[in-house]
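Asks: turn this into a model:
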Amino acid sequence: MRFDGKVAIVTGGASGIGLATVKQLLAEGAKVMVADYTDKLRDVLVSLKHPNVLGIRVDVSKENEVKALIDQTVKHFGTIDFVFSNAGVSSSAAATEETSEEWDRVMGINLKGEFLVDKYALEVMLSQKKKGAIVNMTSILGLVGNPQSVTYCATKGGVIAMTRSMAIRYAKEGIRVNAIAPGYVETPILNGLTSEMRVVLENAHPIGRLGQPEEIARVVCFLLSEEASFITGVTLPVDGGYTAQ
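Replies: Here you go, the predicted model:
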């Protein structure tokens, strides 16, 4: 199995793309620490019924909680080999309608949160002098503009630039850092869509449908694996052709 005995952290791992990635990592032999802010984390862990999974409730925008995540992972599993920095929140507002409080909230989770998780995981990888791989979550809206998602686009664009910079900085230490940019995916965040809006989103992708969490998870696991050993600093769209238009 590709990840036999390896240790992975997945933030935002209790639902959607994060949970699909947790399941695939476990199926391929990894030990996984699931980090999420939801009150349903314990129920998710029970439903997985797997001896190699643990969980911790974390607000990734808070440095002390991220440090606790890293410390607990090392305490229980001994090391960190992989990180999928996936926790995030949505935001929909034009620049003139956005509040500074909402800007701070979304920036704190989507950009600062990914930075903190990467930062402290990198410290472990470097201290243990071992290879590692990180995949950061960005979005098609980090690659193209959206007039109604100014703050969200800013955070996702920031993740792309951060990913490139980290990749260059740590390449010689054997640590690869990449990002994925999904299109619209069938996750709980879309549960409130009207049928008309769902059709609009489906048609926005040349492939003619929304993505499935498992499709994104397979790409995450590819980038974490040795199959992607010569890939670093890349932001890979997984978007049904959305950004090809």
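
Asks: would you verify that N110 is located in a strand?
Replies: No: counting by DSSP: H, G, I helix; E, B strand; the rest coil, N110 is located in no strand; its state is helix.

Asks: give the partner strands of the strand ranked longest in the chain in its sheet and their orientations.
Replies: Longest strand in the chain by number of residues, with DSSP state E as the criterion: strand 175-182. Here strand 175-182 has these sheet partners by DSSP bridges: strand 132-137 (parallel), strand 235-238 (parallel).

Asks: quick check: mean pLDDT of it?
Replies: Across strand 175-182, the average pLDDT comes to 98.

Asks: helix or strand next in line after it, which one?
Replies: Counting by DSSP states H and E, the element after strand 175-182 in chain order, helix or strand, is helix 195-204.

Asks: extract the C-alpha trace of the next helix or strand after that next one and format it as PDB.
Replies: Remark: after helix 195-204, the chain's next helix or strand is helix 213-224, criterion DSSP H and E. This file holds the C-alpha atoms of helix 213-224, laid out as PDB (Å, rounded to 0.1, in the frame of the first residue of the first chain):
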ATOM      1  CA  PRO A 213     -15.300  14.400  -2.900                       C
ATOM      2  CA  GLU A 214     -13.600  11.100  -3.800                       C
ATOM      3  CA  GLU A 215     -12.400  12.500  -7.100                       C
ATOM      4  CA  ILE A 216     -10.600  15.300  -5.200                       C
ATOM      5  CA  ALA A 217      -9.300  12.900  -2.600                       C
ATOM      6  CA  ARG A 218      -7.600  10.700  -5.200                       C
ATOM      7  CA  VAL A 219      -5.700  13.700  -6.500                       C
ATOM      8  CA  VAL A 220      -4.600  14.700  -3.000                       C
ATOM      9  CA  CYS A 221      -3.300  11.200  -2.300                       C
ATOM     10  CA  PHE A 222      -1.500  11.200  -5.600                       C
ATOM     11  CA  LEU A 223       0.300  14.500  -4.700                       C
ATOM     12  CA  LEU A 224       1.200  13.100  -1.300                       C
END
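
Asks: which residues touch the residue nearest to the spatial centre of the chain?
Replies: Closest to where the C-alpha atoms of the chain average out (Cα atoms, centre = their mean) is N86, at 1.9 Å. Applying Cβ atoms under 8 Å, 6 or more residues apart in numbering to N86 gives the contacts V10, T11, G12, G13, I17, G18, T21, M137. Any C-beta I mention is one placed from the backbone N, CA and C, and that applies to glycine too.

Asks: ok, now how distant is it from R164?
Replies: Noted for N86: a distance of 18 Å to R164, by Cβ to Cβ, to the nearest Å.

Asks: now D239
Replies: D239 is 19 Å from R164, by Cβ to Cβ.

Asks: just the strands paired with strand 175-182: most buried one?
Replies: strand 132-137 (a mean of 26; mean count of other Cβ atoms under 10 Å).

Asks: returning to that earlier point: nearest to K40, of the strands paired with strand 175-182?
Replies: Nearest to K40, of all the strands paired with strand 175-182, is strand 132-137, at 19.9 Å by Cβ to Cβ.

Asks: can I get the biggest helix by length in the chain in CSV? Just the C-alpha atoms.
Replies: For the chain, the longest helix by residue count, based on DSSP state H, is helix 150-170. Taking C-alpha atoms only, helix 150-170 is exported to CSV below (Å, rounded to 0.1, in the frame of the first residue of the first chain):
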residue,chain,number,x,y,z
VAL,A,150,-13.6,39.1,-3.0
THR,A,151,-12.3,38.0,0.4
TYR,A,152,-12.5,34.3,-0.4
CYS,A,153,-10.6,34.8,-3.7
ALA,A,154,-8.0,36.8,-1.8
THR,A,155,-7.4,34.0,0.7
LYS,A,156,-7.2,31.3,-2.0
GLY,A,157,-4.8,33.4,-4.2
GLY,A,158,-2.7,33.8,-1.1
VAL,A,159,-2.5,30.1,-0.5
ILE,A,160,-1.2,29.6,-4.1
ALA,A,161,1.6,32.1,-3.6
MET,A,162,2.4,30.7,-0.1
THR,A,163,2.6,27.2,-1.6
ARG,A,164,5.0,28.2,-4.3
SER,A,165,7.3,29.9,-1.8
MET,A,166,7.3,27.0,0.7
ALA,A,167,8.0,24.6,-2.1
ILE,A,168,11.1,26.5,-3.2
ARG,A,169,12.3,27.0,0.4
TYR,A,170,12.0,23.3,1.4
